[in-house]
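*Asks:* Would you be able to build a 3D model of this:
(chains A and B)
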Amino acid sequence: MAGVRLEHVYKKYAGSDLASVKDFNLDIKDKEFLVLVGPSGCGKSTTLRMIAGLEEISEGKLFIGERLVNDVAPKDRDIAMVFQSYALYPHMNVYQNMAFGLKLRKFKKAEIDKRVREAAKILDIEHLLDRKPKALSGGQRQRVALGRAIVREPQVFLMDEPLSNLDAKLRGQMRAEISKLAKRLETTVIYVTHDQIEAMTMGDRIVVMKDGIIQQAASPEELYNHPVNIFVAGFIGAPSMNFITGTLNEAGGSVRFKATGIDVLVPDGKAQQLREKGLIGKEIILGIRPEDLHEEPVFHEASPQTIVNAHVEVAENLGHEMFLYLNGLGKDTVIARVDGRSGVKEGTNVKLAFDMNKVHVFDKESELNVFEV
Amino acid sequence: MSEWITQLQAILDCPVRELQLPIQDWRMLVEDSVKKDSLHPGKSHAPAIGDYVQGAEGKDLFVTKVHSHTVDLLEVERSELSDKERRLISWTLSELLAARSKSNEGVSESERYARELGAWIDAQLDSQEPMQTLPERLIARGRLFSSMIPFMLVCEQAESGRSSYNELEKLLRTFLAEEVLIIPLKEQEWLVLGPVSLINDAQLEDRDTEVEESVEESLSSIVTGLHAMLESEWIGECHVAVSQPISPANSLVATTALLRETVHLGRTFHLGSNIHLPWLLHLERLLNTIPELHRMKFVEQALKRTDAFLEPEILTTLETFFSLDCNVSETAKKLYIHRNTLLYRLDKLKQETELDVRQFRDAVLVKIILLLYKVTKRT
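*Replies:* Sure thing, here's the model as predicted:
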């Protein structure tokens, strides 16, 4: 097993002045489960393909372990790939599919057999070893693709949206299985996804990318609770964070945030930071997650200075929770996540308390989180 | 006639003819010329590339290849060559052809045959009137009468990353079948002939329970598997194409042309795609024949705003929409967006271009415009 290090890596395509990946610096530790996440076209797959050796690195250095591998062919990088279109070898059965890479590397038959059967056992596909890929379901094929990678016992696993061809139920199941597998194999995994649930649930660390640039690399908790900018704040979390443009005013020693339909008290600790950064009297963007808007009376009693009134345009009841789409708070629709049993009705007005200890404040120009800079 | 002979003919400004003589006859000519105050005294040893002698009727003969019982010769019509010119031709031939024959040293019989076959195919493709049927000498040594699946493989690796013929042969024999034939064509371009039995191997054993797969579907899954294997087990990125099984003895040239065209069309019209299937590129083939000027004129006439399709988001949306047979729900699912978001994007496009891709007529037009964009927008 080994870590992976990228130093000032760039990817530029011929005929294009713009780099698809820009100044990518990252040290992925041995046995780490790292997730690259971001919208389509953000450069996450390109980065993975450069690590795999399927794309040339235009500039910068890539190390697997301590070995510089910029000019090493994929087959010699000691990596295994599982991609979205898990192309199995259709003319071979499951056993042959899994054994092929080892056969090519001249492993002894007994060793091949041992590794294939072990991997099949881990993946619960022992009963499918004689079948051809055509006779397998989507989930089974995905397991075979994983098995083909596992038997190689590579230093690093590279996975690019490996679950996106599966239905939602199977995806949830495989998500847990891959996490379990990574821990059991004690191997380094670099996993690309557009799906933030996969990112949050699987990764030891998540790298959020946009326009070929790393926005933030941190643990799931850190990303969720301390996003460094508006993009990360809006990308992680579903429904995403609410952003309300308004001003910070100070009167009688207390700082208040004001916007259309909102006049709430900023807690002392945060107010002091905002003063120090010279943001009082300025227009800022307030970020608040849907679960930090509370409809329960107990919150209203605890923080009477942060209560707002809003009109419920739509109420989506999912049973255990309810999403309220609210009008009258700033310019855009604000979403609140409340208890499914709260009984809030569409078309009515609702009283909500902002949990101001959880809010984020973003600079309007730079879009950076002023508490994290 | 080889290209270099045509070039030599142009330089000398006189006819140059290829011929073959038994070695005995060559030796006699050499002995005769020695007797007649030869041009090349003392050349009684075994013939070598570049040796020359004055033949009958004042023609000059130069050795281009030596076989066990015969020699290949170039006959230059002009007998007025100066001695310096003769020496220059002799030296050029020995440098050029000896280097070629040396590169064949240490090469296996199967590789030598494959190279010969590749050179013949290339020569036919370059020729004005290509022969379609393989000559006897090439058929006899191959297995070219049985039906085979033709694949084309194109790589673009830096010199340092290139693999040898032997490595590729070993890899494909392990992957496809022992009887696979790999024919090198241009630099880093190979024609691969695999057994037809692969199709049966790729299909379901139990035909009763499932609808039988078409040959095209089987070929598509085989070539997709081949591409995945080459990416991970060989040198990385490469382009592959496949076509319907052929009988190589009489359709190797046409098939090579088809596959080469397929890779070219696929790479031109479908950037980012590495697997190219000729039966999915009919429209591209047709559009490729339209002259540049007409293409640009068409796009200008069909579109009010020629920049309407340049945004990556709308391009991805439309490409996905067309690939899923204009199914709104499936497209939204594939793009991970809400159905209404997709409808909003399509409506916005309709407002900007007056083309509604949910209507068949407009969908066809937009599909053609998108394809033409890929070959005209750079100009």
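*Asks:* contacts, neighbours, all on C-alpha from now
*Replies:* Noted.
*Asks:* Quick check: phi and psi at the closest residue in space to B:Arg285 that isn't next to it in sequence.
*Replies:* Take B:Arg285 and drop its neighbours on the chain: the residue closest to it by CA to CA, 6 or more residues apart in numbering or on different chains is B:Leu265, 6.9 Å away. Note on B:Leu265: its backbone torsions stand at phi -60, psi -40 [degrees, to the nearest 10].
*Asks:* Would you check how far apart B:Leu265 and chain A are?
*Replies:* From B:Leu265 over to chain A the distance is 19 Å, taken as CA to the nearest CA, to the nearest Å.
*Asks:* Let me see the contact set for that residue.
*Replies:* Residues in contact with B:Leu265 (CA atoms under 8 Å, 6 or more residues apart in numbering or on different chains) are B:281, B:284-285, B:288.
*Asks:* Write out the residues of the stretch 201-350 of chain B neighbouring chain A.
*Replies:* Contact residues (CA under 8 Å from any CA of the partner chain) of the stretch 201-350 of chain B with chain A: B:201-204, B:221-222, B:224-226, B:228-229, B:231-237.
*Asks:* what's across from B:Ile184 in the sheet?
*Replies:* One correction, residue B:184 is Pro, not Ile. B:Pro184 has these beta-bridge partners by DSSP bridges: B:Trp190.
*Asks:* sorry, back to before: how about the contacts of B:Leu265 in a markdown table, adding neighbour count?
*Replies:* Output for the contacts of B:Leu265, formatted as a markdown table (neighbours: other CA atoms under 10 Å in any protein chain shown):
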| residue | neighbour count |
| --- | --- |
| B:Leu281 | 18 |
| B:Glu284 | 19 |
| B:Arg285 | 17 |
| B:Asn288 | 17 |
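*Asks:* Strands - which of those residues land there?
*Replies:* The strands, defined by DSSP state E, take in nothing from those.
*Asks:* does B:Val364 belong to a helix or a strand, and which?
*Replies:* According to DSSP states H and E, B:Val364 maps onto helix B:360-376.
*Asks:* hmm, who's touching that helix?
*Replies:* Outside helix B:360-376, the residues touching it (CA under 8 Å, 6+ apart) are B:268-269, B:284, B:287, B:292, B:295-296, B:299, B:302, B:309, B:322, B:355-357.
*Asks:* Lowest-confidence entry in those residues?
*Replies:* Among the contacts of helix B:360-376, B:Phe309 carries the weakest pLDDT, at 73.
*Asks:* CSV please, covering the contacts of B:Leu265 and showing distance to B:Glu77.
*Replies:* Formatted as CSV, the contacts of B:Leu265 follow (distance: CA to CA, whole Å):
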residue, distance to B:Glu77
B:Leu281, 49
B:Glu284, 49
B:Arg285, 45
B:Asn288, 44
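*Asks:* starting at the chain centroid, how far to stretch B:124-140?
*Replies:* With CA atoms, centre = their mean, to the nearest Å as the basis, stretch B:124-140 stands 15 Å off its chain's centre.
*Asks:* and what of stretch A:98-109?
*Replies:* Relative to its chain's centre, stretch A:98-109 lies at 35 Å (CA atoms, centre = their mean).
*Asks:* where does whichever residue of chain B sits closest to chain A land on pLDDT?
*Replies:* Residue of chain B nearest chain A, by CA to the nearest CA: B:Ala202 (4.0 Å). pLDDT, B:Ala202: 77.
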